[in-house]
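Undergrad: Structure of the sequence below:
(one chain, ligands or ions: 1)
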Amino acid sequence: MFDEKDWETKRSALVRHLVREGYLRTKEVIEAMSKVRRHRFVPLFQRMAAYEDHPLSIGHDQTISAPHMVSIMAERLELKKGQRVLEVGGGSGYHAAVIAEVIGRTGHVYTLEIIPQLGEMARKTLEEEGYAERVTVIVGDGSVGLEEHAPFDRIFVACAAPDIPPPIVAQLKDGGIMLVPVDTGSGYQELLSVTRCGRELKVSSEGGCVFVPLRGKFGF
Ligand code: SAH
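TA: Predicted coordinates for the structure are as follows:
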């Protein structure tokens with residue numbers, strides 16, 4: 001039987017790998033990745049692979065993103081303590097927990113998940129791991145964002161959209177940063193970084209990526 005110490009050993013080896021490869025850079029994100037127990041967010045049969053740098057199945061044809069992608073996104077968001085963050089595509093809840101660690105106890109993460117069973121599971125795990133007060137899981141179509149809690153300092157979409165969904169980007173604060181994987185056709189996706197400067201949006205590409213498709217009104 002694996003105990004907490006064994007998981008911790010595996011987790012620190014993964015974090016060292018992510019630092020060595022240049023995915024992890026800042027102290028806050030390194031600490032968050034070192035703290036969140038990824039093995040608790042994956043199905044039991046996947047636990048032994050929880051600290052390998054791969055996406056893993058979480059059921060319902062969905063996946064928890066690979067640790068390097070969670071790291072890249074957490075770094076590119078340039079998070080600060082106390083921020084309000086929206087995630088679209090909550091899945092297992094792992095990514096939300098990492099972001100919650102970086103923004104600290106004064107911040108808040110809202111995460112939207114369209115599959116009710118996954119939303120329920122994420123809520124349960126987040127509660128067991130001590131994030132109930134800092135992460136709110138909402139079951140619903142996140143392709144329209146979350147108007148009732150807008151605007152947000154940071155937004156990240158954890159599934160690939162056909163284009164930057166207009167209602168989501170409208171919920172981004174001035175100076176805010178949003179990350180969204182966009183399908184360019186031909187099976188290739190690009191991770192776009194969108195920064196709001198007043199009414200203008202600055203868009204740049206952070207490189208290629210592979211995510212499951214965004215469903216719903218502004219999805220596929
Ligand atoms: N961030 C997750 C993994 C995301 S996988 C984690 O850490 O585990 C992408 C998730 O997006 C899937 O769970 C899928 O059901 C969800 N999804 C797809 N379309 C969605 C939509 N329109 N609104 C909310 N969630 C959506």
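Undergrad: can we go C-alpha only for contacts and neighbour counts from here?
TA: Will do.
Undergrad: Next secondary structure after the helix ranked longest in the chain?
TA: Longest helix in the chain, counting residues (DSSP state H): helix 4-20. Once the chain leaves helix 4-20, the next helix or strand it forms, by DSSP states H and E, is helix 27-35.
Undergrad: quick check: mean pLDDT across that next one?
TA: Taken as a whole, helix 27-35 carries a mean pLDDT of 98.
Undergrad: swap in stretch 93-113?
TA: pLDDT averaged over stretch 93-113 gives 98.
Undergrad: how about it as PDB, C-alpha atoms only?
TA: C-alpha atoms of stretch 93-113 as PDB (Å, rounded to 0.1, in the frame of the first residue of the first chain):
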ATOM      1  CA  GLY A  93     -11.400  19.800 -10.100                       C
ATOM      2  CA  TYR A  94      -7.600  19.400 -10.000                       C
ATOM      3  CA  HIS A  95      -6.800  22.400 -12.100                       C
ATOM      4  CA  ALA A  96      -9.100  24.600 -10.100                       C
ATOM      5  CA  ALA A  97      -7.400  23.400  -6.900                       C
ATOM      6  CA  VAL A  98      -3.900  24.300  -8.300                       C
ATOM      7  CA  ILE A  99      -5.200  27.800  -9.200                       C
ATOM      8  CA  ALA A 100      -6.900  28.200  -5.800                       C
ATOM      9  CA  GLU A 101      -3.500  27.500  -4.100                       C
ATOM     10  CA  VAL A 102      -1.800  30.200  -6.200                       C
ATOM     11  CA  ILE A 103      -4.300  32.900  -5.500                       C
ATOM     12  CA  GLY A 104      -4.500  32.100  -1.800                       C
ATOM     13  CA  ARG A 105      -7.300  32.200   0.700                       C
ATOM     14  CA  THR A 106      -8.500  35.700  -0.300                       C
ATOM     15  CA  GLY A 107      -9.000  34.600  -3.900                       C
ATOM     16  CA  HIS A 108     -11.900  32.600  -5.400                       C
ATOM     17  CA  VAL A 109     -12.200  30.100  -8.300                       C
ATOM     18  CA  TYR A 110     -15.600  29.500 -10.000                       C
ATOM     19  CA  THR A 111     -15.500  26.400 -12.100                       C
ATOM     20  CA  LEU A 112     -18.200  25.400 -14.600                       C
ATOM     21  CA  GLU A 113     -18.700  21.700 -15.600                       C
END
